[in-house]
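**Student:** Output the structure for:
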Amino acid sequence: MKNILLGFLFAALWASASVVTKIGLRNDQPFLFFEVRFLIAGVIMLVYAHLILKEKLPTKKDILPIVIYGGLNVSLYLGLYVTAMREVSAGLGSLAVAINPVLITVMSSIFQKKNILPYLWFALILGFLGVSVAIYPLLQSAHATVRGLFILFLAMLSYSVATIYFSGRVWHQKIIVINGWQIIFGGLLLLPLTFAFTNLGKQVWDAQFWFCIFWLAIPVSIGAVQIWLYLLKLDPVRASSWMYLNPIFGFFFAAIIINEPITIYTAVGTVLVLISLWIVQKNKKIA
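**Tutor:** Just a heads-up that it's a prediction; the model follows:
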């Protein structure tokens, strides 16, 4: 029951990120927006881990794996994601994230040099078909662009690789230590882009900015990611099944909070993605 409740909480918090990001990007500089988020989330976790819990600092051998994970999971994934979300609807962002379990399973089989079974190809095609159906009216109504969708797809690839990398290693630190340092390192790796594409003169430091920052930093970066890494350590396949709920929560939040449209295309596309995820979860063997 505890893990089920954590799974629901993770799905709701993770889905809320796309809506809050969309709100935050209305007036804010995208890379600065995320750098501030990373700094706050990372510092809070590391202060708690090292000063309160008295956890040891990562050793020299631990640094490189954490930097690689932070580069994939923060710098590359979120750098691409925040760029894409300027041109893609919040609901669609959640739907795209939901196909990650299929991508993770297919890419796991590739990295492990195992044959990709037919059901996986079918699930992958079905998942992308579902996203394509949901995309159609959004392209017509200027809620998405082709460039934004391509960047979003690259973000999903990066996230899938990061998940495989994390679950494939034996980590010697507690999750909060890994999470805190990977956010800090990921944010540092993203600094060159932040300096290159940020105009401080255009930044609005209002209540909306700080609300979005603290929501993404604490409930999402700390809360949701801690839950995700905990569930991932228990069972990567079962953990990824909670992505089922992301498009449902995502489209609901987007419709209620920022009035994004929900059409029959949205419903059909979401159902196809959910069927794709169900196929993968029902057939856990990848070769």
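
**Student:** Ignoring the adjacent residues along the chain, who's closest to residue 36?
**Tutor:** Closest residue to residue 36 apart from its sequence neighbours, by Cβ to Cβ, 6 or more residues apart in numbering: residue 213 at 5.4 Å. Backbone N, C-alpha and C define where each C-beta goes, glycine included.

**Student:** List the buried residues of the helix or strand where that neighbour lies.
**Tutor:** In the assignment (DSSP states H and E), residue 213 maps to helix 207-215. In terms of neighbour count (16 or more other Cβ atoms under 10 Å), helix 207-215 has its buried residues at 209, 212-215.

**Student:** Could you point out the helix or strand that follows it?
**Tutor:** Counting by DSSP H and E, the next helix or strand C-terminal to helix 207-215 is helix 225-234.

**Student:** which helices and strands does that next one pack with?
**Tutor:** Counting contacts by 3 or more Cβ pairs under 8 Å, 6 or more residues apart in numbering; DSSP states H and E, helix 225-234 is packed against helix 2-24, helix 146-167, helix 175-189, helix 236-240.

**Student:** again, only this time at 10 Å
**Tutor:** For helix 225-234, the packing partners by 3 or more Cβ pairs under 10 Å, 6 or more residues apart in numbering; DSSP states H and E come out as helix 2-24, helix 30-46, helix 146-167, helix 175-189, helix 236-240.

**Student:** quick one: buried residues of the longest one?
**Tutor:** Pointing back at helix 2-24 there. 6-7, 10-24.

**Student:** I'd say residue 24 and residue 34 touch.
**Tutor:** Yes. Contact criterion Cβ atoms under 10 Å: residue 24 and residue 34 qualify, at 9.1 Å.

**Student:** Name the nearest residue to residue 16, ignoring sequence neighbours.
**Tutor:** Spatially, and ignoring its direct neighbours in sequence, residue 16 is nearest to residue 253 (5.7 Å; Cβ to Cβ, 6+ apart).

**Student:** Report the separation between the one you found and residue 21.
**Tutor:** 11 Å (Cβ to Cβ, to the nearest Å).

**Student:** Same question for residue 40.
**Tutor:** Taking Cβ to Cβ, one finds residue 40 at 15 Å from residue 21.

**Student:** what sits against the residue nearest to residue 16?
**Tutor:** Applying Cβ atoms under 10 Å, 6 or more residues apart in numbering, we find residue 253 in contact with 12, 15-20, 22, 90-91, 94, 260.

**Student:** One more: residue 175?
**Tutor:** Neighbouring residues of residue 175 by Cβ under 10 Å, 6+ apart: 45, 49, 225-230, 232-233.

**Student:** what's the pLDDT at it?
**Tutor:** Note for residue 175: predicted pLDDT of 82.

**Student:** what's the answer for residue 44, then?
**Tutor:** pLDDT, residue 44: 90.

**Student:** Okay, it and residue 254: tell me how far apart.
**Tutor:** The gap separating residue 44 from residue 254 is 28 Å, by Cβ to Cβ.

**Student:** Please apply the same query to residue 53.
**Tutor:** Distance from residue 53 to residue 254, by Cβ to Cβ: 37 Å.

**Student:** Comparing these two, which residue is more hemmed in?
**Tutor:** residue 254 (26 against 11; other Cβ atoms under 10 Å).

**Student:** Does that one touch residue 94 like I think?
**Tutor:** Yes. Residue 254 is within contact range of residue 94, at 7.4 Å (criterion: Cβ under 10 Å).

**Student:** what touches both of those two?
**Tutor:** Common neighbours of residue 254 and residue 94 (Cβ under 10 Å, 6+ apart) are 15-16, 18-19.

**Student:** tell me the phi and psi of residue 88?
**Tutor:** phi -130, psi 150 (degrees, to the nearest 10).

**Student:** Spit out the contact partners of the residue nearest to it when sequence neighbours are not counted.
**Tutor:** The shortest distance from residue 88 to any non-neighbouring residue, by Cβ to Cβ, 6+ apart, is to residue 148 (4.2 Å). By Cβ under 10 Å, 6+ apart, the residues touching residue 148 are 83-89, 92-93, 138-139.

**Student:** Please apply the same query to residue 59.
**Tutor:** Applying Cβ under 10 Å, 6+ apart to residue 59 gives the contacts 172-173.

**Student:** measure it to residue 36 for me?
**Tutor:** Separation of residue 59 from residue 36 (Cβ to Cβ) stands at 29 Å.

**Student:** next one: residue 61
**Tutor:** 31 Å.

**Student:** higher neighbour count, the two?
**Tutor:** Taking neighbours as other Cβ under 10 Å, residue 61 and residue 36 compare with residue 36 leading, 23 against 8.
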